[in-house]
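Enquirer: The following comprises the amino acid sequence and a computationally predicted model.
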Amino acid sequence: MNCEKCQDLISDFLDGSISHQDKTTLSSHLEECLHCAEVRDDLQSIVGFCRTQRGQYASPPNEKALWLRIRNMIEAGASVAASAPATTRKSFLNNWTARSWELSFPQLAAMVAAIVLIVSLSTAVGLRRWQSGGAVDAKFQTGQNSLSVGATDVRKRVSQQQQLISYWNQRVEYNKARWNPQMRETFDRNLAVIDQAVNDSFDSLSKNPQDEVSEEMLNTALNEKLSLLKEFAEL
Amino acid sequence: MIGILPTLTETSRTSLLRKPALFAFVLVFAALSVSSVFAQQHLSKRYPVRSNVRVELKNISGTITVESWNRDEVKLSATMESPAANVSPRQTGDGLIVDVMADNRGRSDIGDVNFKLQVPVNSSVDLETKRGQITVSNIRGGLVRAHVSSEGDIELNGISASQVFAQNLIGNIFFDGEFSRGGTYQFQSGKGEITIRIPSDSAFSLVAATPTRRIALGPFWNDGLKSLGDGRKYTGDVGDGRSSVMVTTFQGSITFIRK
């Protein structure tokens, strides 16, 4: 699920009027996407506020004057917006149609050459993209999709993950004092297992930066760490 | 000083035995104190449901055992260790939801809750716990999901669901069942052995990975399978690859066994 679709569904999700399948997909996206989770939290606070107020809001002083000002501003804005593009469009069209299109032979030849060049380039780029897209799909289907090659990509992605991890780590540390000792021990033991997996993957990648299996393991381990922190942050 | 101590103990014991009423009171008080410390609470409820009900259970700590039976009802039994958690199951349109996490929000020191669920054979079960073993037996519904956020074994026996997800961090995963055509099966552990026991004619598309290189495909090995990263990962089809199977463990082995 992408962020756009997710944000379309958040409102229904908060109302509880979402299908179970969408709920599952949305929840997993919200676990992974901090931005969407923030949108959800914001909307939840707004809805919560509205529910507690139940439509009872304090009126601003001189309410009528305020509404009048707002209406005037909207009307003024609308008239400006309506007039401006029409003028621009008209002048541009007038210029275009009124222009003389008599071309000399060299100008015509250059124009044809330019068109041929642009069409060839765009066809080549399109074909290349289509082929590489197909390759990605094929990779995905054979289960080798988790990480793309390229050490820079890995570093960038790891750095993004690390930011999220440190955010959730702070939340865990904040709540950890309230847990019973057994739960704290369990958490620490499990975090150590994940950290070991992350370190092992890093070690393998430092020896062979093109090692796709290690990249995949690293990605899975980081996701696992994130999800462990999130799960325990809510305790 | 050393000579005096046994004398004093002897004296007090003798005086206590001479007063039976006082002795009995002390015994009863001690028994009550011990029982209140180790007190357990039990909950048992039955819910009439349709045969393909969906049961969602989110526990914090404790075991979860799910078994099937030939009745269109769910029986939920829970044993709550002290300090006892609140458990308030909710029946919804399509099933039953038990959310210990939500029922005890703000409480940080609740004891383990051990659940036993008896559900119709065609149920879907979605089970989560932060810590504790999950055992599911003889379910033939749409979904079996067992998620242990930290440590706890997962044992799935006699499963014939079209979607199976089993995930833990420390602990073994055992699956005994069948892969349905078009089904999805994912098993992931951080540190644990994953064993999959399936019929010999099973057909599936496999992605199996572990950095330990301990992947034993047994009778399901074929030349079409591709080894990647010096045997740390295998991909390819077994049979016509009609279901999708993904198995990952960071520190452990992956073993396929024929039924």
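Expert: Everything's here; your move.
Enquirer: okay, the closest residue to A:N208 other than its chain neighbours: pLDDT?
Expert: Using C-beta to C-beta, 6 or more residues apart in numbering or on different chains and skipping residues adjacent in sequence, the residue nearest A:N208 is A:S214, 7.3 Å away. Any C-beta I mention is one placed from the backbone N, CA and C, and that applies to glycine too. With respect to pLDDT, A:S214 has a value of 91.
Enquirer: So A:S214 lies in a strand, does it not?
Expert: No: secondary structure of A:S214 (DSSP: H, G, I helix; E, B strand; the rest coil): helix, not part of a strand.
Enquirer: neighbours of it, just the number please.
Expert: A:S214: 24 surrounding residues under other C-beta atoms under 10 Å in any protein chain shown.
Enquirer: what about the helices in the chain?
Expert: With no chain named, the answer covers chain A. Counting by DSSP state H, chain A has helices at residues A:3-15, A:20-32, A:34-53, A:63-98, A:105-141, A:151-176, A:181-207, A:212-233.
Enquirer: my bad, the chain I had in mind was chain B
Expert: Applying DSSP H to chain B gives helices spanning B:4-18, B:20-37, B:100-103.
Enquirer: and the ones you listed, which one's lowest on average pLDDT?
Expert: Minimum mean pLDDT among those: helix B:4-18, a mean of 46.
Enquirer: Quick check: A:L43 touching A:I10?
Expert: Yes: proximity of A:L43 to A:I10 meets the contact threshold set by C-beta atoms under 8 Å, at 5.8 Å.
Enquirer: Now B:K45. Nearest residue, chain neighbours left out?
Expert: Spatial nearest neighbour of B:K45, chain neighbours left out: B:L76 (5.1 Å); criterion: C-beta to C-beta, 6+ apart.
Enquirer: For A:M217, which non-adjacent residue is spatially closest?
Expert: Spatially, and ignoring its direct neighbours in sequence, A:M217 is nearest to A:S201 (4.6 Å; C-beta to C-beta, 6+ apart).
Enquirer: which residues does that neighbour contact?
Expert: A:S214, A:E215, A:M217, A:L218, A:A221, B:P211 (C-beta atoms under 8 Å, 6 or more residues apart in numbering or on different chains).
Enquirer: Distance to B:R105 added to the residues you listed, as a markdown table?
Expert: Putting the contacts of A:S201 into a markdown table (distance: C-beta to C-beta, whole Å) gives the following:
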| residue | distance to B:R105 |
| --- | --- |
| A:S214 | 40 |
| A:E215 | 38 |
| A:M217 | 35 |
| A:L218 | 34 |
| A:A221 | 30 |
| B:P211 | 38 |
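Enquirer: So for A:L43 and A:I10, which residue has more residues nearby?
Expert: Under the criterion of other C-beta under 10 Å, the comparison of A:L43 against A:I10 puts A:I10 first, with 20 against 15.
Enquirer: so who does the residue nearest to B:S180 when sequence neighbours are not counted touch?
Expert: Residue nearest to B:S180 in three dimensions, not counting chain neighbours: B:S162, with 4.6 Å by C-beta to C-beta, 6+ apart. Taking C-beta under 8 Å, 6+ apart, we find B:S162 in contact with B:G142, B:L143, B:S180, B:G182, B:G183, B:T184.
Enquirer: Quick check: the gap between B:S162 and B:I198.
Expert: Distance, B:S162 to B:I198, using C-beta to C-beta, to the nearest Å: 14 Å.
Enquirer: Identify each buried residue in stretch B:193-210, please.
Expert: B:193-196, B:198, B:202, B:204-210 (16 or more other C-beta atoms under 10 Å in any protein chain shown).
Enquirer: Which residues of chain A lie near chain B?
Expert: Proximity of chain A to chain B, by C-beta under 8 Å from any C-beta of the partner chain, involves residues A:20, A:142-144, A:175, A:178-180, A:183, A:186-187, A:189-190, A:193-194, A:196-197, A:200-201, A:204, A:211-214, A:216-217, A:220-221, A:224, A:227-228, A:231-232, A:234-235.
Enquirer: what's the spacing between B:I159 and A:L9?
Expert: Per C-beta to C-beta, B:I159 is found 31 Å from A:L9.
Enquirer: got a list of what B:S253 touches?
Expert: Contact partners of B:S253, counting by C-beta under 8 Å, 6+ apart, are B:E193, B:I194, B:T210, B:T212, B:R214, B:I215, B:A216.
Enquirer: Go back to the residues you listed and keep what's next to chain A.
Expert: For chain A, no contacts are drawn from these by C-beta under 8 Å from any C-beta.
Enquirer: Can you add pLDDT and give these back as a markdown table?
Expert: Shown next, in a markdown table, are these (pLDDT from 0 to 100):
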| residue | pLDDT |
| --- | --- |
| B:E193 | 97 |
| B:I194 | 98 |
| B:T210 | 96 |
| B:T212 | 94 |
| B:R214 | 94 |
| B:I215 | 96 |
| B:A216 | 96 |
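Enquirer: Domains in chain A, by residue range?
Expert: A:3-53, A:151-233 (automatic domain parsing).
Enquirer: winner for burial among the ones you listed?
Expert: Highest mean neighbour count among the domains of chain A (mean count of other C-beta atoms under 10 Å in any protein chain shown): domain A:151-233, with a mean of 17.
Enquirer: ok, residue 231 - contacts?
Expert: Chain wasn't specified; assuming chain A. Neighbour list for A:E231: B:K130, B:S149 [criterion: C-beta under 8 Å, 6+ apart].
Enquirer: Let me rephrase: I mean chain B.
Expert: B:G231 is in contact with B:R213, B:I215, counting by C-beta under 8 Å, 6+ apart.
Enquirer: and it, what are its phi and psi?
Expert: Backbone dihedrals for B:G231, given as degrees, to the nearest 10, come out at phi 80, psi 10.
Enquirer: got the domain boundaries for chain B?
Expert: Following automatic domain parsing, one finds the domains of chain B at B:39-143, B:172-259.
Enquirer: among those domains, which is nearest A:S122?
Expert: Nearest to A:S122 among those is domain B:172-259 (35.9 Å), distances taken as C-beta to C-beta.
Enquirer: First-to-last residue distance for that closest one?
Expert: One end of domain B:172-259 sits 19 Å from the other (C-alpha to C-alpha, to the nearest Å).
Enquirer: residue ranges with poor pLDDT in the chain?
Expert: I'll assume chain A. For chain A, the stretches flagged by pLDDT under 70 are A:49-64, A:76-103, A:126-152.
Enquirer: not what I meant, chain B
Expert: Applying pLDDT under 70 to chain B picks out residues B:1-39.
Enquirer: hmm, try it at 80
Expert: Within chain B, the set of residues satisfying pLDDT under 80 comprises B:1-39, B:108, B:241.
Enquirer: Fine, thanks again, bye for now.
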